[in-house]
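Trainee: Structure here, sequence nowhere to be found:
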């Protein structure tokens, strides 16, 4: 169809772990002979495992993407979601021609502007002004076209004071603001944006989301957007693709895609316990022994029960400043809080089992589904081990007096507010 501007046809990407090409003369010759001389399929395409980063594989080849096919029409905004390692960034890099597919075809109409990571396309010895012209030239803009947009780009990015300063002196947030502003204002037909907006501050993220909406709705341009912030994806995108281990798990309207992601990534786990430490989740630094969630009062987790958490883990690193952090998120991947505790501030950790407990008071969390992530660290700087979605639990609603009902109202928290009122008439 004429209005299709991006077309993926059975696109796959195969990597050999830790190596560029095959790093084997016999493999390289075999690949060259089969693909270029005999015009047959790459023999190493049949070797490889799906890209599940949580499991140790037996093959040195791994599929980052496999048989990806979909069409994007002009003016559509697609959200690409999935867990880390699902293939989201690889898909955008292939579209942006940063890397090539192992097999399959991609067709795209028009100029593509990409913002894949902090500083994409920037030369850090050049000033902000020079980089604006450099990026615009790369996208095929004339100097006159860039000059017409210059003031608008600088104003949106908020870097006027530093415009003639080399970008190597910019903070990551400033670099992202300028990079996004350049990509969004130089009028590409297709705009590709990865998770980089997470680096910016809240005010800029709000501006960026508004600009993406304006680019798609007001200017009729096409946007592909990758983010773990499902609220932003829902606000910006019309359609979505859910990737899982390099495959399309679901594709459709964005609300349905997000709901599918929630279902696939939530599992009810109120307690995990491992008797045998060597078989428990962990690594050479940390092994998990016990993690559980229980109500403070009663037998059910609900908005008025309060919640107890208890963690036990085996530490293999004596003599360090040991800390542990807890990240609680909703099933929509909205962070409720991120909080941690230094367990051995005097660098005197011991090898053995540590226990950490804490509670959340009644009338704090709204009804809904939640996941807990653990991060163990050394000196509040080095990550010893982390584990996502260790616990999954639901908080039920309750009928508690006048003013409360069984409906799950919007919001993450459900505070018990002591309202005061009087008649002033």
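Mentor: Everything's here; your move. If you're wondering where the values come from, they're calculated on a predicted model, not measured in any experiment. Numbers count the residues shown, from 1 in each chain.
Trainee: what distance separates stretch 177-192 from the centre of its chain?
Mentor: Its chain's C-alpha centre and that of stretch 177-192 lie 20 Å apart, by C-alpha atoms, centre = their mean, to the nearest Å.
Trainee: Could you do stretch 85-101 as well?
Mentor: Counting by C-alpha atoms, centre = their mean, stretch 85-101 comes out at 15 Å from the chain centroid.
Trainee: Next, the buried residues of that stretch.
Mentor: 85-96, 101 (16 or more other C-beta atoms under 10 Å). To be clear about C-beta, it is placed using only N, CA and C from the backbone, and glycine gets the same treatment.
Trainee: And stretch 208-215, by the same measure?
Mentor: In stretch 208-215, counting by 16+ other C-beta under 10 Å, buried: 208-209, 211-212, 215.
Trainee: Any chance of TSV for those residues, columns distance to residue 377 and pLDDT?
Mentor: Shown next, in TSV, are the buried residues of stretch 208-215 (distance: C-beta to C-beta, whole Å; pLDDT from 0 to 100):
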residue	distance to residue 377	pLDDT
208	30	79
209	32	79
211	36	81
212	34	79
215	39	77
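Trainee: related to what we said a few turns ago, with respect to residue 319, which of the buried residues of stretch 85-101 is nearest?
Mentor: residue 85 (33.1 Å; C-beta to C-beta).
Trainee: The closest one: what secondary structure?
Mentor: coil (DSSP: H, G, I helix; E, B strand; the rest coil).
Trainee: gap between it and residue 65?
Mentor: 12 Å (C-beta to C-beta, to the nearest Å).
Trainee: Touching both of these two, which residues are there?
Mentor: By C-beta atoms under 8 Å, 6 or more residues apart in numbering, residue 85 and residue 65 have no common neighbours.
Trainee: follow-up on the earlier one: sort out which of the buried residues of stretch 208-215 are in strands and list them.
Mentor: Among the buried residues of stretch 208-215, no member falls in strands (criterion: DSSP state E).
Trainee: Nearest to residue 361, out of those residues: which one, please.
Mentor: residue 209 (33.0 Å).
Trainee: and the gap between that closest one and residue 231?
Mentor: 10 Å.
Trainee: now swap in residue 109 and tell me
Mentor: In terms of C-beta to C-beta, residue 109 sits 31 Å off from residue 231.
Trainee: now do residue 378
Mentor: From residue 378 to residue 231 the distance is 33 Å (C-beta to C-beta).
Trainee: So for these two, which sits in the more crowded spot?
Mentor: Neighbour count, other C-beta atoms under 10 Å: between residue 378 and residue 231, residue 378 has more, with 17 against 14.
Trainee: show me the contacts for the closest residue to the more buried one other than its chain neighbours.
Mentor: Distances taken as C-beta to C-beta, 6 or more residues apart in numbering place residue 320 nearest to residue 378, at 4.9 Å, with adjacent residues excluded. Shown in contact with residue 320 (C-beta under 8 Å, 6+ apart): 344, 347, 349, 378-379.
Trainee: repeat that with 6 Å
Mentor: Residue 320 sits next to 347, 349, 378 when contact means C-beta atoms under 6 Å, 6 or more residues apart in numbering.
Trainee: what do you get for residue 332?
Mentor: Residue 332 neighbours (C-beta under 6 Å, 6+ apart): residue 230.
Trainee: now swap in residue 278 and tell me
Mentor: With C-beta under 6 Å, 6+ apart, residue 278 has no contacts at all.
Trainee: from here on, count from 138
Mentor: Shifting the count to begin at 138 puts that one at residue 415.
Trainee: where does the stretch 238-387 of the chain dip in pLDDT?
Mentor: 254-257, 333-339, 355 (pLDDT under 70).
Trainee: Repeat the analysis, applying 90 as the threshold.
Mentor: 238-240, 245-261, 271-279, 282, 286, 293-297, 304-305, 307-360, 362-375, 381-383 (pLDDT under 90).
Trainee: I'm done for today, thanks for sticking with me.
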